[in-house]
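Asker: Need coordinates for the following:
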Amino acid sequence: MNTIKMRLSCMMFLQFFIWGGWFVTLGTFLGQNLQANGGQIGMAFSTQSWGAIIAPFFIGLIADRYFNAERLLGILHLCGAILMFLMYQATDFSTFYPLVLGYMLAYMPTLALVNAVSFRQLSSPAAEFGQIRVWGTLGWIIAGLVISYIFSWDAQAAIATGALKNTFLMCAMVSLLLGVYSFTLPATPPAGKQAGQRLADILGLDALKLLKDRNFAIFFISSILICIPLAFYYQNANPFLTNIGVENATGKMTLGQVSEVLFMLLLPLFLNRFGIKLTLLLGMAAWVLRYVLFAYGDADNGIWLLILGIALHGICYDFFFVSGQIYTNSKAGAAIQNAAQGLITLATYGIGMLIGFSVAGMITENYTTAAGIAWQPIWLFPAGFAAVVLVLFALTFKTEKQR
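Answerer: Take a look at the predicted model:
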C-alpha cells in the first residue's frame, strides 16, 4: 500500500471509529444514565436523519464550490470534538439533545467529504476505493471491541455507575485527532462553480426524473419503508442486549460488521446468479428473520438466536442497501449518477430513518412499564412490517436485467 493509500485508510479508520464509538451504545446510555423515555431516545437517534437530509444541501451549495474538502473535514471534526466533549458532560436529556443534534449536523457531511478526498486522490477509484473503505468498517469494529473488551464500559455494573459517558470523551479525543490530521491530507480543492449551473443541478434534483420509471419508483418507496424496521435495530439492539443480560454486548455486535465485509464479497456472485430482484428480496427477508430471532432469543439457552440475528447484518445491509446503490447506478445515466446516489441516501438515511426512529421510539415507549420492557412485541412489530414490505415488493417489482 502506497503512502497516499495509507493516509486515506487512516482517515477512514478514524472517521468510522468515531461513529461506532458512541452511536451503538447511545440508546443504552440515554435510557440508563439520562433516564430518557422511548420517544426521547427516538428523537436523539433522529438527529442522524436530520444530518443526512441537510448534508446534500451543505455539500452541494458550500463544500463543492468554495472550500477544500480536507480543510472543511478538519473544521467539522474539530467542532465535533467540542460538541462531543459537551455531550460527555451533559447530565440530562434537555441539555444533551441540542448537542447531539449539532454534532450530527456537523458529522453527516463528513461522510461525503472523506469519500470526496479519497476519490480525488486515487488514480483508479473504482478499483481502489474498496481497499480504503474497508478500513472504516475495521474502525467501527475496533471501537466496539475497545468498549466491551478493553474498558468494559458496557458491563452491567459499569453502566450503573455511568461509565458509558466515557464513550463520548473517547470519541471527542479521536475527533480532535482526526480534525488536526485532516489538515495534513493532500489538497482537495473544490470543483468550482460551473458556467450555467442551475440550483437543481447543484442539489441533484434532476435525479427525481428516475421516479418516472415504475420499477425504480417501487424500489424508491420500498427503500423508505424498509428503513422503518431498520431504525429499530440501530436504536434498540444495544439496549435490548444489555437489558436482558448479554455480556459484552457492544463487542458482540461487531460481528455484524464482520459479516458485512464477508457478504460484500459474495454480493457480486448473487447479483450475477440471481439478479437484482431476488437479491433485494433476500435482503428484506433477512430483516424479517433477524427480528424474529431477537423476539425469541435470550441471554441463556437462546443466545445463539441473538448471535445469528447479529450475524445477519451482512445480508440485511449488503443485499438491500449496497445492491440498491448498484441498482440505482445502473438506472441513472452518467450525468446524474452522483445525484441519484444522493437521492437514494436522502430517501433511506434521511426520510426513512427519520420516520423509523420516531416509530421505534413510540413502540418502545408503549411496551415499557414500571415492571420492565416487553421486548418480544417490540421486535415482532418491525418483523411484521418488513414482511409486508417484502410481499408488496415481490408482487409489484418486475424482474429486469442489470445493465
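
Asker: I'd assumed A207 was in contact with G342.
Answerer: Yes: if you go by C-beta atoms under 8 Å, G342 and A207 touch, sitting 6.9 Å apart. Just so you know, the C-beta spots here come from the backbone N, C-alpha and C atoms, and that holds for glycine as well.

Asker: secondary structure element for T91?
Answerer: Counting by DSSP states H and E, no helix or strand carries T91.

Asker: quick one, phi psi at the residue nearest the centre of the chain?
Answerer: In the chain, the centroid-proximal residue (C-alpha atoms, centre = their mean) is Y349; its distance is 7.3 Å. Main-chain torsions, Y349, degrees, to the nearest 10: phi -70, psi -20.

Asker: How about it, nearest residue that isn't a chain neighbour?
Answerer: A52 (3.9 Å; C-beta to C-beta, 6 or more residues apart in numbering).

Asker: Any idea how far the helix or strand the one you found falls within is from the middle of the chain?
Answerer: Following DSSP H and E, the helix or strand that holds A52 is helix 38-58. Averaged C-alpha coordinates place helix 38-58 at 11 Å from its chain's average position (C-alpha atoms, centre = their mean, to the nearest Å).

Asker: what's that helix packed up against?
Answerer: helix 26-33, helix 93-121, helix 214-243, helix 337-345, helix 353-366 (3 or more C-beta pairs under 8 Å, 6 or more residues apart in numbering; DSSP states H and E).

Asker: Quick check: which element contains the closest residue to D154 other than its chain neighbours?
Answerer: Setting aside the residues directly before and after it, D154 is nearest to T250 in space (C-beta to C-beta, 6+ apart), at 4.6 Å. Using DSSP H and E, T250 falls within helix 249-253.

Asker: Lowest average confidence across the helices and strands packed on helix 38-58, which one?
Answerer: When those are ranked by mean pLDDT, helix 337-345 comes last with a mean of 73.

Asker: ok, A36 - contacts?
Answerer: Listed by C-beta atoms under 8 Å, 6 or more residues apart in numbering, the contact partners of A36 are L30, A44, F93.

Asker: Those into TSV, with extra columns for distance to F67 and neighbour count?
Answerer: Listed next are those as TSV, based on distance: C-beta to C-beta, whole Å; neighbours: other C-beta atoms under 10 Å:
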residue	distance to F67	neighbour count
L30	34	25
A44	29	23
F93	34	17
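
Asker: In CSV, list those along with distance to M12.
Answerer: Output for those, formatted as CSV (distance: C-beta to C-beta, whole Å):
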residue, distance to M12
L30, 28
A44, 26
F93, 32
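
Asker: so where's the stretch 1-150 of the chain shaky on pLDDT?
Answerer: 1, 56, 58-65, 126 (pLDDT under 70).

Asker: Find the residue closest to G31 in space, skipping its chain neighbours.
Answerer: P239 (5.6 Å).

Asker: swap that for W304, sorry
Answerer: Nearest residue to W304 in three dimensions, chain neighbours excluded: G297, at 7.7 Å (C-beta to C-beta, 6+ apart).

Asker: just checking, the one you found touches G309?
Answerer: Yes: counting by C-beta under 8 Å, G297 touches G309, with 6.6 Å between them.

Asker: Now do stretch 287-296, average pLDDT.
Answerer: In this model, stretch 287-296 has a mean pLDDT of 97.

Asker: which residues are contacting it?
Answerer: 226, 229-230, 232-233, 237, 240, 302, 305-306, 308-309, 312-313, 316, 320, 375-377, 379-380, 382-383, 386-387, 390.

Asker: Quick check: closest non-adjacent residue to I141.
Answerer: For I141, the spatially nearest residue (C-beta to C-beta, 6+ apart) is T254, at 4.4 Å.

Asker: For L105, which residues are in contact?
Answerer: Counting by C-beta under 8 Å, 6+ apart, L105 has contacts T47, W50, G51, I54.

Asker: ok, it to A347 distance?
Answerer: 19 Å (C-beta to C-beta, to the nearest Å).

Asker: before we move on, what about D154?
Answerer: Relative to A347, and taking C-beta to C-beta, D154 is found at 32 Å.

Asker: what sits against the closest residue to I228 other than its chain neighbours?
Answerer: Sequence neighbours aside, G356 is the residue nearest to I228 in space, at 4.0 Å (criterion: C-beta to C-beta, 6+ apart). G356 makes contact with C227, I228, P229, L230, A231, F232 under the criterion C-beta under 8 Å, 6+ apart.

Asker: what's the neighbour count on the second one?
Answerer: It refers to I228. 22 (other C-beta atoms under 10 Å).

Asker: That's all I had, so thanks and see you.
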